[in-house]
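based on what follows, work out the 3D shape:
(2 chains)
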Amino acid sequence: MKLTEEQLAEIRVYIFGTPRYRETYYELYDHILNALEPLDEPFHFGLVQHIVEEDFGGFEGIVNQEVVYQKSITTKYNRLLSSEMLNFYKTSTVFSTIALLFIGYLFYDASLTSEINLKPMSVSMLVISMVPGAYYLFKRFVLDRNKMKLSIKYDFLHRTWILGFLIVNATMGLFISKNSVFEISNHAKVVICVVLALLLNLYVRSFIKVYNKRISILTT
Amino acid sequence: MAISNDLFKGTLQTIILNLLDQNERMYGYEITQKVKAITQGELLLKEGALYPALHKLETEGLLHTSTEIVDNRVRKYYSLSKDGEKEMINKLQEAKDFINNLQLLLNLKPTLS
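Numbers count the residues shown, from 1 in each chain, chains lettered A, B, ... in the order given. From the prediction side, this is the model:
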């Protein structure tokens, strides 16, 4: 059967509210149209309802499938991020890691003999911890601004940048800032700052790599 | 006689990987129709089982996905990745071994002592 624009719109409206992510929505819409096209009978809406019920177990089945898919996608990207972080010793990144370790050591060494002002370092770490957030917001509100639904990859981007940002902020609030919860020596603050800066660097670089390699190029 | 879908549950991934090996790239509905055509309607691959299996294979890195606009709608195509090609060979061998063993088991006749 050949569907009119009006009938297509009717189908889109019917299914639009159910899937949360556009990957599921596109696949569902394409499937329904593919299933309708070979039919010889005239279009009536019961056919669409029948396809959704029969093939997908109704809207509930679609939502359940989507939850499983979303979890596995997030787990996959988390694994990719972790493996990128653990690859810091690889040739392509080892020199910058060594340079950072050396800078960290210089800070530590200087803190043994003199007082170090940690404010510039803290502020730059807070700014750097927002880089993944900037990527996420750029992707979601600039690159994908015309897309009707969220991508399933957004969950990973959103959670990851929030988590990184929270960890940096919490560490600052607990140990580094002027009114921190725990009173520790300036020397210990320097150590925490240097370790945090190194981890943050690894995390942000890995995030950007995963984003560039796997997320920004995805077409849906 | 229609074949019970329970018998196919364990081999769904093998079927998908093998079809994709033979057809380069396919979309979900196409896979269901191909299975229906090959088995002459004996096996109906339900979408409720197919899509989760495709998504699982995709997240395991065994399938690549790409999208294309076809008739003004987005269509998602699945194809085998390098790992998927290797896995297909393993799974196919596994299935063949299973079928051989099953045949042996089903052909066994009780012995009279």
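
packing partners of the helix or strand where B:Glu94 lies?
Following DSSP states H and E, one finds B:Glu94 within helix B:82-107. Here helix B:82-107 is seen to pack against helix B:12-23 when contacts are counted using 3 or more Cβ pairs under 8 Å, 6 or more residues apart in numbering or on different chains; DSSP states H and E. In this view, the C-beta of every residue, glycine as well, is placed from N, C-alpha and C.

name the surrounding residues that touch the helix it packs on.
B:8, B:26, B:31, B:34-35, B:45, B:49-50, B:53-54, B:56-57, B:62-63, B:78-80, B:84-85, B:87-88, B:91-92, B:94-95 (Cβ atoms under 8 Å, 6 or more residues apart in numbering or on different chains).

tell me the angle of the helix holding B:Glu94 relative to helix B:12-23?
In terms of direction (axes from the mean of the first three to the mean of the last three Cα atoms, to 10 degrees), helix B:82-107 departs from helix B:12-23 by 120 degrees.

what comes up buried for helix B:82-107?
Residues of helix B:82-107 classed as buried by neighbour count (16 or more other Cβ atoms under 10 Å in any protein chain shown): B:Gly84, B:Glu87, B:Met88, B:Lys91, B:Ala95.

B:Gln40 looks like it's in a strand, true?
No: counting by DSSP: H, G, I helix; E, B strand; the rest coil, B:Gln40 falls outside a strand, being coil.

sorry, back to before: out of the buried residues of helix B:82-107, who's nearest chain A?
Distances from chain A to the buried residues of helix B:82-107, taken as Cβ to the nearest Cβ, are shortest for B:Gly84 (14.7 Å).

show the pLDDT at B:Ile89.
pLDDT for B:Ile89: 94.

contacting residues for it?
So B:Ile89 contacts nothing (Cβ under 8 Å, 6+ apart).

how far away is it from chain A?
Separation of B:Ile89 from chain A (Cβ to the nearest Cβ, to the nearest Å): 23 Å.

now B:Ala49, nearest residue through space, not along the chain?
Leaving aside its chain neighbours, B:Ala49 sits nearest to B:Leu12 (6.3 Å; criterion: Cβ to Cβ, 6 or more residues apart in numbering or on different chains).

now the buried residues of helix B:82-107 as TSV including distance to A:Ile103?
Putting those into TSV (distance: Cβ to Cβ, whole Å) gives the following:
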residue	distance to A:Ile103
B:Gly84	43
B:Glu87	44
B:Met88	49
B:Lys91	50
B:Ala95	56
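
report the two of the residues you listed separated the most.
B:Gly84 and B:Ala95 (15.5 Å; Cβ to Cβ).

from chain A, how far off is the spatially most central residue of chain B?
Closest to where the C-alpha atoms of chain B average out (Cα atoms, centre = their mean) is B:Ile15, at 1.9 Å. As judged by Cβ to the nearest Cβ, B:Ile15 and chain A stand 17 Å apart.

state the mean pLDDT of stretch B:17-31.
The average pLDDT for stretch B:17-31 rounds to 94.

name the residues of that stretch that are buried.
For stretch B:17-31, burial by neighbour count (16+ other Cβ under 10 Å) applies to B:Leu17, B:Asn18, B:Leu19, B:Leu20, B:Met26, B:Tyr27, B:Gly28, B:Tyr29, B:Glu30, B:Ile31.

let me see the domain layout of chain A.
A:5-65, A:87-215 (automatic domain parsing).
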